[in-house]
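Novice: structure of the sequence below:
(one chain, ligands or ions: 1)
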Amino acid sequence: MLKLLAPCLVVDTLYDINLEKLKKQGIRGIVFDLDNTIIPWNSSEICPEVLGWLTDLVNRDFKLCMVSNNGNRRVRQIAAQCEVPFVARALKPSRTGFRQAARVMELSPASIAVVGDQLFTDILGGNRLGMFTIWVKPLAAQEFIGTKFTRQLEKLAVRLLKSAGHLS
Ligand SMILES: [Mg+2]
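Specialist: Numbers count the residues shown, from 1 in each chain. Below is the predicted model:
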């Protein structure tokens, strides 16, 4: 169970993800979280750097899908800025939203990477389906009040994962 919280890869920023390496290991699609992964949670604009990164992914022939627990309107408005398909109200860590993303991308879970800032939603949900999970540091220090509690649990989980040897 604890192992399901362990990300396959930990990076500081989106730009630290080695895209060539992902390609070589058979990853064809990337599912990414919205809030605090590609956009600060209180913002409604994707910054040019992140847009450039997304364009780079498309140019490298990765299929993309956004999977967010946030509501339909906000997710659609942001997805439109980068012309990426999306699943809103995904109820992560439920598998449903991730399965839906896999269908949209027409890929098997094993060929999909999940990029997200939260262990208990993005990483846990992706791991449950056998996707390659990438944990990225949150974009904004300021967060939704509910997330602050989750961050405390995350810290505890990281300690446990490290002591069990699931995370370096
Ligand atoms: Mg997030």
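
Novice: surely Q25 and I134 touch.
Specialist: No - under the criterion of CB atoms under 8 Å, Q25 is not in contact with I134, lying 11.9 Å apart. C-beta coordinates here come from the backbone N, C-alpha and C atoms, glycine included.

Novice: looking at these two, which is more packed in?
Specialist: I134 (26 against 12; other CB atoms under 10 Å).

Novice: leaving out sequence neighbours, find the closest residue to G125.
Specialist: Computed as CB to CB, 6 or more residues apart in numbering, the closest residue to G125 that is not its neighbour in sequence is P93, at 3.7 Å.

Novice: revised request: answer the last question for I17.
Specialist: In space, and not counting its chain neighbours, I17 is closest to V11: 5.6 Å by CB to CB, 6+ apart.

Novice: quick check, pLDDT for that neighbour.
Specialist: With respect to pLDDT, V11 has a value of 97.

Novice: ok, now which ones touch it?
Specialist: Applying CB atoms under 8 Å, 6 or more residues apart in numbering to V11 gives the contacts I17, I134, W135, V136, K137.

Novice: now V136
Specialist: Counted by CB under 8 Å, 6+ apart, V136 has contacts V11, D12, T13, L14, I17, T37, V115, G116, D117.

Novice: pretty sure the third one contacts P138?
Specialist: In other words, T13. No - taking contacts as CB under 8 Å, T13 lies outside contact range of P138: 10.6 Å.

Novice: which of those two has more neighbours?
Specialist: P138 (18 against 12).

Novice: what about the more buried one, distance to the ion?
Specialist: From P138 over to the ion the distance is 7 Å, taken as CB to the ion, to the nearest Å.

Novice: helix, strand, or coil at that residue?
Specialist: The three-state label for P138, taken from DSSP: H, G, I helix; E, B strand; the rest coil, comes out as coil.

Novice: which residues does it contact?
Specialist: Here P138 is in contact with N36, T37, D117, Q118 (CB under 8 Å, 6+ apart).

Novice: can you list the residues of the chain near the ion?
Specialist: With CB under 5 Å from the ion as the criterion, the chain meets the ion at residues D33, D35, N36, D117.

Novice: please repeat the previous calculation with a cut-off of 6 Å.
Specialist: Residues of the chain lying close to the ion (CB under 6 Å from the ion) are D33, D35, N36, T37, G116, D117, Q118.
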